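Visitor: sharing a model that was predicted from the sequence below.
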Amino acid sequence: MRYDTVIIGAGMSGLSAGVRLAYYEKKVCILERHTTIGGLNSFYRLRRRNYDVGLHAITNYAEPGTKQGPLSKLLRQLRMTWEDFDLRPQLRSAIAFPNCTLYFTNNFNYFVEQIAAAFPSQIDGFRRLVNRIAEHDALNLDRQEISARQVVSEYVRDPLLVDMIFCPLMFYGSATPRDMDFNQFVIMFKSIFHEGFGRPFDGIRLILKKLVKHFRNLGGQLRLRAGVRQILQSNGKATAVLLDDGTEIEADNILSSAGAAETMRLINPESPPVKAEPGDISFVESISVLNCEPSKLGHKETIVFYSDSPEFHYERPNVPVDLRSGIICSPNNFDYSQPLEDGRVRITALADPHYWMNLPEEEYADAKMRWNDQIIQSALKHIPDFRSHVIDTDVFTPRTIRRFTGHLNGCVYGAPQKFVDGQTPLSNLFLCGTDQGFLGIVGAMLSGITIANRHLLK
């Protein structure tokens with residue numbers, strides 16, 4: 001069987017690229033190693049309960065019918081409707097540091113007012129930074145990298161405010177320790193502070209299932225349990241993919257959402273054509289199921305980004321889990337017209353992937369529970385004690401991420417060095433997704449669409 005394009009990975013970027021290509025009657029096949037779709041943003045069922053993987057919120061929220069912005073563009077490109085995503089806005093989120101908390105909603109002016117009240121000497125500089133962000137075209141695929149901290153510090157002089165601005169942006173999108181590329185900073189700043197958070201009532205499974213149905217209705221083929229072992233090549237071009245079961249599938253083009261380092265190793269495991277170092281920013285996440293909604297206990301924030309240190313530390317920790325900072329998300333605290341089936345609290349913290357990858361199997365389960373208890377204990381400075389209401393628990397680690405995504409080191413945001421134009425050393429092999437550089441769920445989907453438009457729909 002030969003295809004116009006074979007796509008490696010049925011995550012958000014791969015599925016979106018598949019829909020875009022199939023709409024234009026391209027013969028497309030998406031290959032997924034696992035038994036389910038979604039990659040970093042998937043779902044599963046455990047002990048008769050549904051769980052989302054990775055989804056705290058969808059950034060780039062917009063009210064139904066909005067004509068401008070990334071979400072509106074995404075829906076137009078996919079020929080999908082607002083109802084297909086069914087997003088509900090956040091209530092209110094927070095950035096909590098010692099002696100200072102900033103709140104934000106999907107109304108950007110509210111965030112500006114918060115900064116003006118807490119940092120009156122910095123508000124003029126912050127407004128100038130906002131103007132700089134508005135003028136910057138972060139979606140230009142020919143862009144140059146520049147340190148975001150360098151740029152931001154030209155406008156905002158107070159290091160506490162700088163760290164408070166960076167905290168949610170880095171937690172939700174940075175593969176770079178202690179800094180971000182300014183282009184990615186702009187993407188995340190707009191998607192979180194300008195546009196804000198939303199979430200579908202039924203979680204990520206709603207969007208994924210809509211994408212798959214749309215893709216198949218357009219004639220696309222999706223193959224699960226079809227892991228790619230190798231990308232075959234000849235004369236500087238990819239010719240086919242070799243599957244784990246020995247099957248060869250030929251294609252005129254190959255689009256990989258597997259990650260840069262991972263894709264280079266598929267070309268040549270012994271001597272990759274490009275040295276693409278995988279990132280090592282990864283997380284442990286504690287998921288607690290409650291017998292009541294968190295708001296009944298007095299916790300009404302949608303997401304809390306916290307640091308218990310005055311200086312925000314964002315790098316691979318030298319301990320199994322960095323308890324100095326984290327994210328607390330309650331999926332219940334979006335603007336739903338009806339309650340979810342149960343209460344949920346998700347707490348995410350930076351983790352050392354090397355510890356979790358090398359942990360003996362017989363020690364792994366106990367280590368997860370031990371660190372789960374410590375993560376919850378550290379978060380209780382920012383949320384009422386909910387432990388007596390917990391009726392079920394699950395924990396994922398960098399080891400889980402590697403197992404279900406194939407990402408080396410369990411790196412959530414891929415490699416620090418991005419392939420912004422999607423081009424690889426093979427003329428017809430392209431990258432989309434995490435290592436192309438667009439961030440967040442909407443960003444990942446736009447990444448697949450953008451690379452498809454640029455290289456595969458000429």
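Guide: Looks like it came in fine. Numbering: from 1, shown residues only.
Visitor: residues contacting residue 392?
Guide: 47, 49, 288, 289 (C-beta atoms under 8 Å, 6 or more residues apart in numbering). Any C-beta I mention is one placed from the backbone N, CA and C, and that applies to glycine too.
Visitor: how is this protein divided into domains?
Guide: Domain segmentation of the chain under automatic domain parsing yields 2-77+202-278+415-456, 110-195, 280-405.
Visitor: gap between the two ends of the last one?
Guide: Distance between the two ends of domain 280-405: 14 Å, counting by C-alpha to C-alpha, to the nearest Å.
Visitor: now that domain, how far from the chain's geometric center?
Guide: How far domain 280-405 lies from its chain's middle: 16 Å, per C-alpha atoms, centre = their mean, to the nearest Å.
Visitor: right, and the domains of the chain - which one's nearest residue 90?
Guide: Residue 90 lies closest to domain 280-405 among the domains of the chain, at 4.0 Å (C-beta to C-beta).
Visitor: can you give me the strands in the stretch 251-400 of the chain?
Guide: 282-290, 303-307, 325-329, 343-351, 390-396 (DSSP state E, counting those that start in this stretch).
Visitor: of the ones you listed, which is nearest residue 132?
Guide: strand 303-307 (22.7 Å).
Visitor: now that closest one: mean pLDDT?
Guide: Summarised as a single mean, pLDDT over strand 303-307 is 98.
Visitor: partner strands of that strand, with direction?
Guide: Sheet pairing of strand 303-307 (DSSP bridges) gives strand 93-97 (parallel), strand 325-329 (antiparallel).
Visitor: who's in contact with stretch 203-222?
Guide: Looking at what lies outside stretch 203-222 - C-beta under 8 Å, 6+ apart - the contacts are 10, 12, 15-16, 18-19, 21-23, 25, 27-30, 32, 37-38, 41-43, 50, 52-55, 78-80, 84-86, 200, 331, 441.
Visitor: could I get the CA-only coordinates of it as PDB?
Guide: Extracted in PDB, the C-alpha atoms of stretch 203-222 (Å, rounded to 0.1, in the frame of the first residue of the first chain):
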ATOM      1  CA  GLY A 203     -12.700  16.100  28.800                       C
ATOM      2  CA  ILE A 204     -10.200  15.500  26.000                       C
ATOM      3  CA  ARG A 205     -11.900  12.400  24.700                       C
ATOM      4  CA  LEU A 206     -14.600  14.500  23.100                       C
ATOM      5  CA  ILE A 207     -12.200  16.400  20.900                       C
ATOM      6  CA  LEU A 208     -10.100  13.300  20.000                       C
ATOM      7  CA  LYS A 209     -13.100  11.300  19.000                       C
ATOM      8  CA  LYS A 210     -14.500  14.100  16.900                       C
ATOM      9  CA  LEU A 211     -11.100  14.400  15.100                       C
ATOM     10  CA  VAL A 212     -10.900  10.700  14.400                       C
ATOM     11  CA  LYS A 213     -14.500  10.500  13.100                       C
ATOM     12  CA  HIS A 214     -13.900  13.600  10.900                       C
ATOM     13  CA  PHE A 215     -10.600  12.100   9.600                       C
ATOM     14  CA  ARG A 216     -12.200   8.700   8.800                       C
ATOM     15  CA  ASN A 217     -15.300  10.400   7.100                       C
ATOM     16  CA  LEU A 218     -12.800  12.200   4.900                       C
ATOM     17  CA  GLY A 219     -11.300   8.900   3.800                       C
ATOM     18  CA  GLY A 220      -8.200   8.800   6.100                       C
ATOM     19  CA  GLN A 221      -6.900   5.600   7.600                       C
ATOM     20  CA  LEU A 222      -5.900   5.200  11.200                       C
END
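Visitor: show me where the stretch 101-250 of the chain has helices.
Guide: Secondary structure of the stretch 101-250 of the chain by DSSP state H, counting those that start in this stretch: the helices cover 108-118, 123-135, 148-153, 159-171, 182-189, 204-217.
Visitor: now the first one: buried residues?
Guide: It refers to helix 108-118. 111, 112, 114, 115, 118 (16 or more other C-beta atoms under 10 Å).
Visitor: residue with max distance from the center of this protein?
Guide: Most distant from the centre of the chain: residue 235, at 35.2 Å, with distances by C-alpha atoms, centre = their mean.
Visitor: distance of the nearest residue to residue 338 once chain neighbours are set aside relative to residue 440?
Guide: Using C-beta to C-beta, 6 or more residues apart in numbering and skipping the chain neighbours, the partner closest in space to residue 338 is residue 201 (7.8 Å). Per C-beta to C-beta, to the nearest Å, residue 201 is found 19 Å from residue 440.
Visitor: more neighbours: which of the two?
Guide: Shown here are residue 201 and residue 440; by other C-beta atoms under 10 Å, residue 440 has more neighbours (23 against 14).
Visitor: deepest of the helices of the stretch 101-250 of the chain, which one?
Guide: Highest mean neighbour count of the helices of the stretch 101-250 of the chain: helix 182-189, a mean of 25 (counted as mean count of other C-beta atoms under 10 Å).
Visitor: please work out the average pLDDT along that one.
Guide: On average, helix 182-189 scores 93.
Visitor: ok and that helix relative to helix 159-171, angle-wise?
Guide: 90 degrees (axes from the mean of the first three to the mean of the last three C-alpha atoms, to 10 degrees).
Visitor: and helix 182-189, what does it pack onto?
Guide: Packing partners of helix 182-189 (3 or more C-beta pairs under 8 Å, 6 or more residues apart in numbering; DSSP states H and E): helix 148-153, helix 159-171, helix 440-451.
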